[in-house]
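# Here's my sequence, what's the structure:
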Amino acid sequence: MLPTVKRDFKVTASDKPELTWFGHSSYLLQVNGVNILVDPIFCGRTSPVSWAGAKAFDGADIYKAEDMSRIDVMLISHDHYDHLDYETILKLKDRVGVFVTSLAVGAHLEYWGVPAEKIKELDWWERVKLGSDVQFIAAPARRFSGRGIVRNKTLWSSFIFKSGNSSIYLGGDSGYDKHFAKIGNDYGPFDLAILDNGQYNTSWANIHMMPEETAKVAIELKAKVLFPVHWGKFCLATHAWDEPIDRLLKMAEMLHLKVITPMIGEKVILNSLMPASHWWVKPRN
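Predicted structure coming up:
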């Protein structure tokens, strides 16, 4: 069973961003009294059906939709099953203020009962400002989209988040390409880069990064700190479950890159509480 932390969530008025990881690419970002839930998957499987598909590791699914309080913004990077979950949306849609997502993904949400006026779809380089101090800019990613046999009817994106003096890159899901350096040059430096690191294979290297590339991308983005996600909850590739983080940390050490590695549920406060333990390593007898 994975070591995890179960806690309650309170809205914070602090201007220091707080994060809580729920495994894979799901996390809660809280800053200046705003709750932002990213790519939530609060179900036991990533699949179009509840009885098949990749199952969450033992202990990794301790958080449920019912644990979430007010959600001001739900951000959906793209429409794959491990980033957009039907059951989770149904349970949370009435508690969400605004959905921010990639172009055409809103059609899924509307079909599932989300009012159109609550959905903000963005093309690459478009931006939306919510309130006086929260801004999202959609940026490129190297991916594809689709559910079932339908492909590429919707867009996939990464996102640049700005609030007050904080600038965070929300990577979504992407293969390595030159767009990262452009984003770093045009919008960096970033206080934090949240990047996918896991569920890769050399056979699909164009749509998922290798761990060494993830570390390289953090440097190209001019990120002060890297938070690797897209691992730790599901097995969607043939590599060992802890291989991504081990490979990444070796490269990060070579690049002198700071990496945070919170457990599922462990609080992160940017530039204040920055967990970096190797919690996945079993102690030797």
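
# what does the lowest-mean-pLDDT helix or strand in the chain contact?
Taking mean pLDDT, DSSP states H and E as the measure, strand 45-46 is the helix or strand of the chain with the lowest mean score, a mean of 80. Applying Cβ atoms under 8 Å, 6 or more residues apart in numbering, the contact partners of strand 45-46 are 24, 52-56, 81-82, 85, 234, 236. No exception for glycine: its C-beta is placed from N, CA and C like everyone else's.

# Could you dump those into JSON lines with neighbour count added?
Listed next are those as JSON lines, based on neighbours: other Cβ atoms under 10 Å:
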{"residue": "24", "neighbour count": "26"}
{"residue": "52", "neighbour count": "9"}
{"residue": "53", "neighbour count": "16"}
{"residue": "54", "neighbour count": "18"}
{"residue": "55", "neighbour count": "16"}
{"residue": "56", "neighbour count": "20"}
{"residue": "81", "neighbour count": "20"}
{"residue": "82", "neighbour count": "22"}
{"residue": "85", "neighbour count": "23"}
{"residue": "234", "neighbour count": "26"}
{"residue": "236", "neighbour count": "20"}
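
# and the two most separated of those?
The largest separation in these, counting by Cβ to Cβ, is between 24 and 52 at 17.7 Å.

# Same question for stretch 38-57: list its buried residues.
38-47, 53-57 (16 or more other Cβ atoms under 10 Å).

# contacting residues around residue 155?
Each residue near residue 155 by Cβ under 8 Å, 6+ apart is listed here: 78, 102-105, 123-124, 145.

# that older thread, nearest to residue 269 among the contacts of strand 45-46?
Relative to residue 269, and with distances defined as Cβ to Cβ, the nearest of the contacts of strand 45-46 is residue 24, at 21.9 Å.

# Now do the SS call for that closest one.
On the three-state scheme (DSSP: H, G, I helix; E, B strand; the rest coil), residue 24 is labelled coil.

# Cool, thanks, talk later.
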